[in-house]
Structures are given as C-alpha cells and as structure tokens.
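K.L.:
Here is a sequence with its predicted model. Questions after.
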Amino acid sequence: MVTERRIGMNSKELLNKVRNLSTQEQRNLSYEELVEMMNVLTPEEIVTLSNIIGYPVFTRLCMGDLKHKFVLLQDGAAAIIVNSDGQILLQSRADRDEWGLPGGCQELGERFQDTVIREVKEETNLDIKEEDLELIDIVSGDSRKSMYPNGDVVFNNTVLYCVRAYSGELRWDSESKEMRFFALDNLPSNQHDPDLIEIYKNYLEKE
C-alpha cells in the first residue's frame, strides 16, 4: 500500500510514489489510502494527484463504495483526424468491440486544446499543433451517454475538432486494438461515436 510507508515521507515523495505505480495499481488504490494521502496534501498537490491518476478515475476513487454507481459528468475533447484522401482515423477500443475517435477527458487546469493534443499523442503517437485545430462543435446531451464494461455510466461533454495537418508515425497504446483510416462511405457499423461523426459530416456540407 502507498500509505504503509508514508511516515517520514514528504508530499513530493508521496506523489512520486503514486506516479510510479502502474495504471492498474493506481486504479486499485483504496478509499482509505486516498483519504490518508489527501489529508496531508495541499489543494495544488491534490490537483497534481488527480492529474497523475486521471481525473475520471480519481473522482470515482473519491466516492468509495459508490464509485461504480455514481453517474459522472465528464468534459473532454475528440479529434477527427483526416488524411490526404479524406478518410478519418478510428481506433478499435481495447475495452469493447467498437471503433471510436481519438480523444479523452480533460485534466484539471487543462485547456481543451491541450486535452486533444495530449490525447492524440498518447493514443496515436501523432503530433498536432494548436494552430491546426479546427473547432467543429461542442457536443453534449443524451447522445453523449456512455456505459463502460465495468458498469460506469458517464455523460461526456465533448469539444470536437477536425485535424488535417499532423506528423509522426501512427502507433497505438494498450487502449486500442487497432487504428485505421476509413472512408466516410465505408465506416464500421460498430461505432462508439456515431453522433460525433454525423456532426462532422454536416460540418463538411457547410464548408
């Protein structure tokens, strides 16, 4: 346990210890451990702790026994990454049999532009610049409801960007099984973000 050796450990050392845990170990932190840590951290250090673990996971850990029952509101950003042939990049998600857009949740203190740049880099290894982000829409409502395999239910408020300029070699991490560019008239049927893609299609019609 992280807190078993907390005696004599300053807050910087405590945060580094959490940072060095694996993703699964961070997700397995107990509510009691979190309480003990947060009682010795400053508000700014708690923000750092949240960003180390990831805001949605951190929020659920703070809920104790209710963590998988509470419906969470999440803010985030997603990218329609378009290649020279007009195809869009989709990822086959590791946690379900669906194809979705690169993107993810906003961290505390983070701008949406920074969120989408960070998430695209983490998930695809592609580099994008802020000046190349085209704001398509801010999407919210019932179409943004999502349920995860572990039972978590969330509503995502999503800032949707189009990205036509990028660099780097396409690679993906453990969150994805595969990544592939698809023509808009040949998209997979098992989509995770059909509402966002439909909004993108309408956006193209207005250009």
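P.N.:
Yep, that arrived. Numbering: from 1, shown residues only.

K.L.:
Could you pull out the helices in this protein for me?
P.N.:
Taking DSSP state H, the helices of the chain run over residues 11-19, 23-27, 31-38, 43-53, 55-61, 112-124, 194-206.

K.L.:
Could you dump those helices into JSON lines and include mean neighbour count?
P.N.:
C-betas here are computed from N, CA, C, even on glycine. What follows is the helices of the chain, written out as JSON lines (neighbours: other CB atoms under 10 Å):
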{"stretch": "helix 11-19", "mean neighbour count": "15"}
{"stretch": "helix 23-27", "mean neighbour count": "13"}
{"stretch": "helix 31-38", "mean neighbour count": "16"}
{"stretch": "helix 43-53", "mean neighbour count": "16"}
{"stretch": "helix 55-61", "mean neighbour count": "20"}
{"stretch": "helix 112-124", "mean neighbour count": "20"}
{"stretch": "helix 194-206", "mean neighbour count": "15"}
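
K.L.:
what's the closest non-adjacent residue to the spatially most central residue of the chain?
P.N.:
Residue closest to the average C-alpha location in the chain (CA atoms, centre = their mean): Gly104, at 2.3 Å. Distances taken as CB to CB, 6 or more residues apart in numbering put Glu119 closest to Gly104, at 4.0 Å, once the chain neighbours are dropped.

K.L.:
close enough to count as contact, that neighbour and Gln106?
P.N.:
No - using CB atoms under 8 Å, Glu119 is not in contact with Gln106; the gap is 9.4 Å.

K.L.:
Now do the shared contacts for those two.
P.N.:
Overlap of the contact sets of Glu119 and Gln106 (by CB atoms under 8 Å, 6 or more residues apart in numbering) consists of 76-77.
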